Structure formats: structure tokens, C-alpha cells
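> Here is my input, please return the structure:
(chains A, B and C)
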Amino acid sequence: MDGNSDCGKSLSIDWDTDDELEIESMPFSSGVGPATACQEAFAGCGEAGSSNGSQTSRTIHHFVGMGFPKDMVVRAMKENGEKDIEAILEALLTYSAIEDLPLEEEHVSDDSCSSKCASNHPDLLSDQNNFPIDEENTHYSIDKDGTISVLVEMGYQAEEASIAIDRCGLDTPVAELSDFICAAQMAKEADFHLEKHTEAYIPKDKRKILRTEAWNLKRPKGIVKEQMVQDDEEFRLPNPMTGFGVPSETWNIVHRTLPEAALGPPYFYYENVAMTPRGVWSTISRFLYDIAPEFVDSKYFCAAARKRGYIHNLPIHNRFQILPPPPLKIHETFPHTKKWWPSWDARDQLNCLLTCVGSAKLTERIRNKLEESAGEPPVHVKKYIMEQCKRWNLIWVGKNNAATIEPEEIEILMGFPVNHTRGVNRTDRFKALGNAFQVDTVGYHLSVLKSLFPGGINLLSLFSGIGGAEVALHRLGIPLKNVVSVELSEPCQTIVRNWWEETNQKGNLIHVADVQEVTAERIAQWISRFGGFDLVIGGSPCNNLAGRNHVSRDGLEGKHSSLFFDYFRILDLVKSMMSQY
DNA sequence: CCAATAATGAGAGTAGTT
DNA sequence: AACTACTCTCATTATTGG
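Model (predicted):
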């Protein structure tokens, strides 16, 4: 596909104009820069001194994690002493400024890679066959033990190395493994900084007591809560959760100042659940160029709640809704339920649509309880039924019939075409829809792109799922020129492909299964082919963040949710490559 | 201030079905 | 045997109500 014809236009957008001015009326604490945050995290870790490995190696991989090449870090430490973190950082910043060159040797002949980020990817230049191009820390290996020992030499713990290899794959370049470990480390230490780390090893029932004790110990009485929250760099969820404005309440639309590093191209849009374990959003924000999250509840866009945080560098004025806007009440959305809705069920909106729904047995139990009591049921029965209805989002579709919501109905609520997910089994439909964007909400935020890209956009869609981003852009009337959609689930891929056909898309759709396959080299190829990406969008897995998960709510380090670091890695690569244009 | 309440893109194991 | 549906599990947050 061509699609390059008006790339010049896409890239000539003036990123420094207008709305990066004035007021910040959101109740966020202002984030600190990544460097400062890392230092603090480091200090916190050092004080506690609980992990193995020498101070030196930890210092090294800390700075490597911040994006400085290892040899430069070593040099800075030699010249400034190993303990003066401030001086080392200062020196590193100076070197980088002086050299103003790609920082790692293998990048010398190539200027398309970041010179300041954690993602220095040697595979940009190496050929596809994993040739050992070597130079210090760029080894390729096919045996795990060998790779581990290389990483250990670099100052990592064997256990970390092993996890990284399992996670990234055996043939992953060492530098990439190093990136992975650093990213995980930074997250871990950020958590540690927030005094969560120790809790992982304490039985759950004792946590509450210990936390209270630690809290009291650390903070003298009389310090107001806001102050403590500020100290811990927490983001507080706004109430009402309307972000920079929703259609019904547009008066709080404001201008905002974005940190310079956050400016595009490309524009980017990141999404995840609002209610995460403590400290997760501040970590995400720190990685995503210190942009404060915009927390929005989709109950202002449709008849179901959906509390999500969005981090993006889009303009925020002149937003508009996808038309027609869906109704906000259950009875308007599903008129057939009105007839059967008991007077004592006061709900007019649904709770968050999840990945699984209640069983038919539950509906049966509720029916039985209601039939036992002729007329209005007793208070305790009503209470039980209401609990179940709210928990499982049941709707009244017949006499005494509180049924689970159908996939088609979820599609309507989520802003997808009816039967968008048809063709895969019911369970998978619920799962995919439960994980999807609410199209009207995301569309509202993305609407500002329409006037910026009249000729359409090139889209990099990570963790695409059932294509919420694509559907939102299409419904906004923004043509999709080239779309790279990264999604592991086959049913989801099929759904997006089918939608692409059914809506007669003129553009070019490329599917990639695994974010791990999105290497610097492939990104470089796409960018040169398409003339760059205009939008990098994605919501990384929330499994380990979601409140409903009592089993493995491990935070950003979790098995699935750690894929956030791939979002960052890929975004940062695109950013640095695009800045070369 | 504290206790009760409500909400929450889940996961693992098991029973039932094709 | 593979797939699908159901049950049981129980924690961390934010909010509400006194």
C-alpha cells in the first residue's frame, strides 16, 4: 500500500502551538521528572538495603535503566565516586549533551534510535538472523546459562536474568534483556518507594495492622492527608470522574501544559483501569513523560460505568462526540426491560462491564426467591437480589427474570456495531468485550485528530483487542491509512479483520501477534514505509491491576500487566525515530 | 475520625457438553 | 479429549454514613 502521499502533511503539524499554555485545573499533584524519580527510588532502595547485589551494580543498572549506556555510566562513576548519585547523574547528562550523538557504539552509523531512553535497541542495525554484531554488551546467545552469566557480569542478579529470559525469549539480545530487567527494577523500586514492597512477604491478615503501624511511625501526627498523598506522589481519583470534561459537563475544559518530552509526534494514547494498586499510576505517568492521567468514567458516555485512566498528549479543546450519542440510561438503551423492572430496583445505569457474566443458575435462584413471595418480596430478599444484580449487572428481561446481559447488548453499550464480535464463542465474546475500550469515551478524546489529519492517519495500535481504537476513529470519520495492529488473541484478530472487510476499509491492515515481535527494526521499516505513525494507541493488560483479581493482583510487575513496559518501549522507539524526521 | 459498604477489564478448579 | 459453563475464591480501593 502507498499511503505515504500526505505524510508530509502529517508530520508538519506544529506541536508547539496554542494549548500548551496556562492553567492546570485538575487536582493532580505535579509529577516529578523521571530522573528525580529514579534517584528517589534509588535512595529508598539503598536505605532499606534488603536486596542482594553490590551497590555498584545496582547503581549501574539504575542508570542504564534510565537510558544511559553502561560504559558511560561506568565512566561517570569512576570520575565522580560511586556513591554520589547526584554527581553521577550530572556527569551523565553532561556527557549526553556534549556528545549529542547516539550513545551506544553500535548506533554510531545510525541516527534513528533514541539517545536518551531506556530502549537502546541494537537489533535496529543487526540483520534479521540475530547475527552477533557484538560490541561489549550486545551478545546473542542460544543457551540460557550463557546469557544469564553475561547478564550477571553486567551486574544483574541471576534470578532477574532468568526471569527476563523466560519472559522475553531465549534468543532475545542481551541489551534488550537488560532493558527489560531495568524496567522491571524501576517499577519494583518505585513500589518500594511507596512502601509496598515489604508487604508482599507478609501474610495478608497482618498487612493492615503493619501498614497502620508503619504509617504512624513514619508520619508524625497532625500532617494532613493531602500532604502525605503529595509526598507519595499518588494520583487521587477525581470525583466526579470527568477528566478534562465530558459532553454533559464541558465547563471544566481547560488548557494544559505538557512536559516538553511528552510532545509528539507521534500523538499517543494510553489506557488502563483507574483503580489500581497504590503507586501504579504514578509509575505509569513517570514513564509516559510525566503526563498526568485523565481519569474518566464512561457513565457520562453510555449507560454503564467504566472508570479508566488515560494518558495522552492530545489537544483537549474542541472535542466532540461520536454521533449519535448513546443514551445514558438503561431503560433508554434497552426499552424492553422497562416493563419488567421492579420498582424497588433503583438502578438506571449499570456497573462496569466485566470479562465474565453471571450464570443462568443465578437467574433461576432469583426467580425462585421472587416466586416464593407473591407480590413485593421481603426486605432481605430484595437486598440479596439487588446485591446480585449489581454484582453481575443483571437486567430484567421478563417476569421475575433478572438475566445476564447478552454480548450484543454489551456491544451496544461499548459503542461497537451490533454483532461486532459474532463468530467466536460466548465466553470469548464476553472476555474480549470486557477488555475493550468504551468507543464513545475514547472517540471523544480522539475527536481532536479529525481536523489535524483530514487525509487520515497511520495508526500503531498495541493490545488492539477487538479494535476499539480503530472503530472509534472510523466512527469519527477519520480515515485509516495504515494500521499496525498488535494483538495476541486469535479470536480478536479475526474480529478486527472481519470488521475491516465489512466496513470496506481502503487502508492497509497489518497484524502482529506479539508485542515482542515489534522490534526497532520493524518499527523503522514501517516508519519509512508509511512516513511515520500519527497515533500510537493502546491499553496494556490490567489483569494484575484489576480489583476483581484476588489471585494475582501483583501490580505493574505482574505477568501480564508488565507488558506496559513494552508499550513504553515501543512508543519511545517510535518517538525517537520520528524525531529524526 | 472510624466503621460499614460498594465496586472491581479475574483466576483456578470442576462439572457438564460436544 | 477438547471445549464450554459454572462455582468458589476472597483483596484492595474508594465512598458513604455516623
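
> use CA for all of it now, contacts and neighbours both
Will do.

> DNA strand B contacts on chain A?
Within chain A, the positions lying close to DNA strand B (CA under 7 Å from any atom of the strand) are A:222, A:271-276, A:305-308, A:351-352, A:354-356, A:387, A:390-391, A:434-437, A:539-552.

> Assign residue A:396 to helix, strand or coil.
strand (DSSP: H, G, I helix; E, B strand; the rest coil).

> Quick one: residues contacting it.
Contacts for residue A:396 were tallied using CA atoms under 8 Å, 6 or more residues apart in numbering; they are A:337, A:338, A:340, A:341, A:402, A:403.

> between these, which is closest to DNA strand C?
residue A:403 (11.0 Å; CA to the nearest atom of the strand).

> farthest-separated two in the contacts of residue A:396?
Using CA to CA, the pair of those lying farthest apart is A:338 and A:403, separated by 13.7 Å.

> between the two, who's got more neighbours?
More neighbours surround residue A:403 than the other of residue A:338 and residue A:403, with 24 against 15 (other CA atoms under 10 Å).

> I'd like the distance between residue A:248 and residue A:293.
Distance of residue A:248 to residue A:293, computed by CA to CA, to the nearest Å: 20 Å.

> ignore the last one, residue A:299
18 Å.

> Equivalent analysis for residue A:356, please.
Computed with CA to CA, the distance linking residue A:356 and residue A:293 is 27 Å.

> of the two, who's got more company?
residue A:293 (25 against 17).

> Tell me, what's the model's pLDDT at that one?
Residue A:293 is assigned a predicted lDDT (pLDDT) of 96.

> Return only those of the residues of chain A next to DNA strand B found close to DNA strand C.
Among the residues of chain A next to DNA strand B, the ones lying near DNA strand C by CA under 7 Å from any atom of the strand are A:275, A:276, A:547, A:548, A:549, A:550, A:551.

> quick check, the second one in a strand?
No. Using three-state DSSP, the assignment for residue A:276 is coil, not a strand.

> and it, what does it touch?
With contacts defined as CA under 8 Å, 6+ apart, the neighbours of residue A:276 are A:545, A:546, A:547, A:555.

> And for the third one?
Under the criterion of CA under 8 Å, 6+ apart, the contact list for residue A:547 reads A:275, A:276, A:553.

> can you tell me the residue of chain A closest to DNA strand C?
In chain A, the residue that lies nearest DNA strand C is residue A:277 (3.2 Å; CA to the nearest atom of the strand).

> hey, where'd the helices end up in the stretch 201-350 of chain A?
Along the stretch 201-350 of chain A, counting by DSSP state H, counting those that start in this stretch, helices occupy A:204-218, A:225-231, A:280-287, A:330-333.

> residues in contact with the helix or strand that the shortest one is followed by?
To tie it back to what came earlier, the one meant is helix A:330-333. On the C-terminal side of helix A:330-333, the nearest following helix or strand under DSSP states H and E is helix A:360-372. Residues lying outside helix A:360-372 but in contact with it, judged by CA under 8 Å, 6+ apart, are A:377, A:381, A:385, A:400, A:401, A:402, A:403, A:404.

> ditto for stretch A:491-506
Residues lying outside stretch A:491-506 but in contact with it, judged by CA under 8 Å, 6+ apart, are A:420-422, A:424, A:428, A:432, A:465-467, A:480-481, A:487, A:509, A:511.

> Please pick the buried ones from those.
A:420, A:421, A:428, A:432, A:465, A:466, A:467, A:480, A:481, A:487, A:509, A:511 (16 or more other CA atoms under 10 Å).

> Identify the bridge partners of the closest residue to the last one other than its chain neighbours.
With CA to CA, 6 or more residues apart in numbering as the criterion, residue A:511 has its nearest non-adjacent residue at 5.0 Å, and that residue is residue A:485. Here residue A:485 sits in beta bridges with residue A:461, residue A:511, going by DSSP bridges.

> List the contacts of residue A:485.
With CA under 8 Å, 6+ apart as the criterion, the residues that contact residue A:485 are A:460, A:461, A:462, A:463, A:464, A:509, A:510, A:511, A:512.

> What pLDDT is listed against the last one?
On pLDDT, residue A:512 comes in at 96.

> for it, what are its contacts?
With contacts taken as CA under 8 Å, 6+ apart, residue A:512 has the following neighbours: A:484, A:485, A:486, A:487, A:488, A:518.

> which among these are in contact with DNA strand C?
Restricting the contacts of residue A:512 to those near DNA strand C by CA under 7 Å from any atom of the strand leaves nothing, as none qualifies.

> secondary structure class for residue A:458?
When the rule is three-state DSSP, residue A:458 gets the label strand.

> Contacts only, for residue A:358.
When contacts are counted by CA under 8 Å, 6+ apart, residue A:358 is found next to A:392, A:394, A:404.

> ugh, wrong one, I meant residue A:483
Contact analysis of residue A:483 by CA under 8 Å, 6+ apart lists A:458, A:459, A:460, A:461, A:507, A:508, A:509, A:510.

> how big is the angle separating the helix or strand containing it from strand A:457-462?
Per DSSP H and E: residue A:483 is located in strand A:480-486. Following axes from the mean of the first three to the mean of the last three CA atoms, to 10 degrees, one obtains 10 degrees for the angle between strand A:480-486 and strand A:457-462.

> CA-only coordinates of strand A:480-486 in CSV, if you can.
Extracted as CSV, the C-alpha positions of strand A:480-486 are listed here (Å, rounded to 0.1, in the frame of the first residue of the first chain):
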residue,chain,number,x,y,z
LEU,A,480,-7.3,4.8,8.5
LYS,A,481,-4.4,4.7,6.1
ASN,A,482,-2.1,2.2,7.5
VAL,A,483,-2.9,0.3,10.7
VAL,A,484,-0.4,-1.9,12.5
SER,A,485,-2.5,-3.9,15.0
VAL,A,486,-0.7,-5.9,17.7
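
> what's downstream of that strand, the next helix or strand?
Scanning forward in sequence from strand A:480-486, with DSSP H and E defining helices and strands, the next element found is helix A:490-502.

> In strands, which of the contacts of helix A:360-372 appear?
A:401, A:402, A:403 (DSSP state E).

> and the gap between the second one and residue A:262?
As judged by CA to CA, residue A:402 and residue A:262 stand 48 Å apart.

> And for residue A:248?
Residue A:248 sits 29 Å away from residue A:262 when distances are taken as CA to CA.

> between the two, which one's more packed in?
Summary of the neighbour comparison: residue A:248 and residue A:262, criterion other CA under 10 Å, with residue A:262 having more neighbours (17 against 9).

> dump the residue contacts of that one.
A:288, A:289, A:290, A:291, A:313 are the contacts of residue A:262 under CA under 8 Å, 6+ apart.

> Excluding sequence neighbours, find me the nearest residue to the second one.
Just to be clear, that refers to residue A:289. Taking CA to CA, 6+ apart as the measure, residue A:289 lies nearest to residue A:262, with 5.1 Å between them; neighbours along the chain are not counted.

> mind listing the strands for chain A?
Read by DSSP E, chain A holds these strands, from start to end of the chain: A:267-273, A:294-297, A:307-312, A:395-398, A:401-403, A:457-462, A:480-486, A:508-512, A:535-539.

> What are the buried residues along the last one?
Taking 16+ other CA under 10 Å as the basis for neighbour counts, the residues of strand A:535-539 that come out buried are A:535, A:536, A:537, A:538, A:539.

> In terms of pLDDT, where does the fourth one sit?
Meaning residue A:538. The per-residue pLDDT reported for residue A:538 equals 96.

> ok, back up a step: now render the contacts of residue A:396 as JSON lines, adding pLDDT.
Supplementary listing: these in JSON lines, determined by pLDDT from 0 to 100:
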{"residue": "A:337", "pLDDT": "95"}
{"residue": "A:338", "pLDDT": "95"}
{"residue": "A:340", "pLDDT": "95"}
{"residue": "A:341", "pLDDT": "96"}
{"residue": "A:402", "pLDDT": "95"}
{"residue": "A:403", "pLDDT": "94"}
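
> and DNA strand C, which of the residues you listed reach it?
When contact is defined as CA under 7 Å from any atom of the strand, these do not meet DNA strand C at all.
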